[in-house]
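Student: Coordinates for the following, if possible.
(chains A and B)
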Amino acid sequence: MSRREARTEIIRALAEMRRRDPVDIETEALVAGAECPYDSVWLVKAGVRAARRLGFKLKPTKSDAHAFKSIESLASHLYGLARNQNAA
Amino acid sequence: MRAAKAGTTGIEMLKTISWMAVLDQGVVDVWRIPLDGAVERHLRVLSAAERARVERRCGLQRDRFVIAHGAMREVLGVYLNCAPAFVPLTVRHGEPPRTLGLKISLSHSEDLALLAVSRATVGVDVEHVSAAQDGDLDEVAELTLSPGELAVFRGSRMVDRPRVWLRSWTRKEAVVKAHRDALAERAISDLDVLEGTVQHLTVEDLDVGPRHVAALAAAQPPRQIVLRAWADEPA
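Tutor: Here you go, the predicted model:
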């Protein structure tokens, strides 16, 4: 799994849950960069769904708090978790 | 009222006295800020750093960010006795806002922001109920709730579960905002927030209306939590 795949799954999950066009979410994410206009609740839910689709479980810890601040940070976090789980 | 300590500049002393006069020890003011209304007048009082963050947003999210931060400056200006644009405020992405002599916490969700102001460490969180109403809530609950919280969640009616989960989630978020080391590297599900005291913090639910769930965590047991309504001025 690549970081790009993780990011795509997050955007897909957000689009499904918010009943939005994924292209609009993608555009917002590009403009927002390191910041994200979504509440942490949406990102936690999207992260859990994306992780499941990518074949692992996301169990949030305090150190993950920063990951729930933007699509980009969440994508990096999921990518890192998947890599660690594969290595283990 | 005590004067500011020796060596403090005149401006700082004035601010300190003003703040002490308005906010008593043991009181937490929680400002309820509706995120609608005029945007431009708030944009004018934001700092360059805040405006840069505004530029990274668009549409409704941009407007709500501007109003939340403009209103925060307006409210803090009352405590600090200065114009909103001159409130000494540091706001960085992912960090709590900081100002002179006061402990503050800002949270916003959809059309509502809450600003907690205190003399002691404080954390506040608000979430719109729609955020929890669909999509994998049972799985999310399993991954984020303690065994006790999960029992309460599973014992509640299906229709009530979004609010039950959000009640735990906002309490956890408020605790982590007030005490950033509350969890260390442990899972969020290890932080049980069913009781009124968590990690030496007093945790209270806030009644902010039917569409939102909110909670406050305070470092010292507050003698009084005052829910205040902020209203925008006509443009």
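Student: CA atoms for contacts and neighbours, from now on please.
Tutor: Will do.
Student: Chain B against chain A: which residues are in contact?
Tutor: B:56-58, B:61, B:93-94, B:109, B:127, B:131-132, B:134-137, B:139-140, B:143-144, B:176, B:183-189 (CA under 8 Å from any CA of the partner chain).
Student: Buried subset of those, written for ChimeraX?
Tutor: Under the burial definition 16 or more other CA atoms under 10 Å in any protein chain shown, those of those that qualify are selected in ChimeraX by:
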select /B:56,57,61,109,127,131,132,135,137,140,143,144,176,183,187,188,189
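Student: quick one: contacts for B:Leu227?
Tutor: For B:Leu227, the contact set (CA atoms under 8 Å, 6 or more residues apart in numbering or on different chains) comprises B:Asp29, B:Val30, B:Trp31, B:Arg32.
Student: Tell me the secondary structure at it.
Tutor: Using DSSP: H, G, I helix; E, B strand; the rest coil, the structure places B:Leu227 in strand.
Student: okay, it: pLDDT?
Tutor: Looking at B:Leu227, its pLDDT stands at 94.
Student: what's the answer for A:Glu26, then?
Tutor: According to the prediction, A:Glu26 has pLDDT 89.
Student: Secondary structure element holding it?
Tutor: Using DSSP states H and E, A:Glu26 falls within helix A:22-32.
Student: For chain B, what is the nearest residue in chain A?
Tutor: Proximity of chain A to chain B (CA to the nearest CA) peaks at A:Thr61, 3.9 Å away.
Student: hang on, isn't that residue packed against B:Arg180?
Tutor: No: contact criterion CA atoms under 8 Å: A:Thr61 and B:Arg180 do not qualify, at 11.9 Å.
Student: ranges for the helices of chain A?
Tutor: With helices called from DSSP state H, chain A shows them at A:3-18, A:22-32, A:40-54, A:71-87.
Student: and of those helices, who's closest to B:Arg51?
Tutor: With CA to CA as the criterion, B:Arg51 lies closest to helix A:22-32 of those, at 13.2 Å.
Student: elements contacting that closest one?
Tutor: In terms of contacts (3 or more CA pairs under 8 Å, 6 or more residues apart in numbering or on different chains; DSSP states H and E), helix A:22-32 is packed against helix A:3-18.
Student: go with 10 Å
Tutor: With contacts taken as 3 or more CA pairs under 10 Å, 6 or more residues apart in numbering or on different chains; DSSP states H and E, helix A:22-32 sits against helix A:3-18, helix A:71-87, helix B:48-55.
Student: looking at the ones you listed, which is buried most?
Tutor: helix A:3-18 (a mean of 20; mean count of other CA atoms under 10 Å in any protein chain shown).
Student: quick one: it near chain B?
Tutor: Yes: under the criterion of CA under 10 Å from any CA of the partner chain, chain B is reached by helix A:3-18 at A:Ala13, A:Leu14, A:Glu16, A:Met17, A:Arg18.
Student: Go ahead and confirm the second one touches A:Asp39.
Tutor: No: here A:Leu14 lies out of contact with A:Asp39, judged by CA atoms under 10 Å, at a distance of 11.3 Å.
Student: and the top helix by length along chain B, which residues are buried?
Tutor: Looking across chain B with DSSP H, the single longest helix is helix B:59-80. Along helix B:59-80, these residues count as buried under the neighbour rule (16+ other CA under 10 Å): B:61-80.
Student: got the angle between that helix and helix A:22-32?
Tutor: Calculated by axes from the mean of the first three to the mean of the last three CA atoms, to 10 degrees, helix B:59-80 forms an angle of 40 degrees with helix A:22-32.
Student: Packing partners of helix B:59-80?
Tutor: Using 3+ CA pairs under 10 Å, 6+ apart, helix B:59-80 is in contact with helix B:10-22, strand B:27-34, helix B:40-43, helix B:48-55, strand B:89-90, strand B:98-99, strand B:103-109, strand B:112-118.
Student: Mind pulling up the pLDDT for B:Glu50?
Tutor: At B:Glu50, the model reports a pLDDT of 91.
Student: OK, contacts around it?
Tutor: B:Leu43, B:Phe65, B:Val66, B:His69, B:Gly70, B:Leu89, B:Thr90, B:Val91, B:Arg92, B:His93 (CA atoms under 10 Å, 6 or more residues apart in numbering or on different chains).
Student: ok, the residue in chain B that chain A sits nearest to - contacts?
Tutor: Residue of chain B nearest chain A, by CA to the nearest CA: B:Ala187 (3.9 Å). Residues near B:Ala187 by CA under 10 Å, 6+ apart: A:Lys59, A:Pro60, A:Thr61, A:Lys62, A:Ser63, A:Asp64, B:Leu143, B:Thr144, B:Leu145, B:Ser146.
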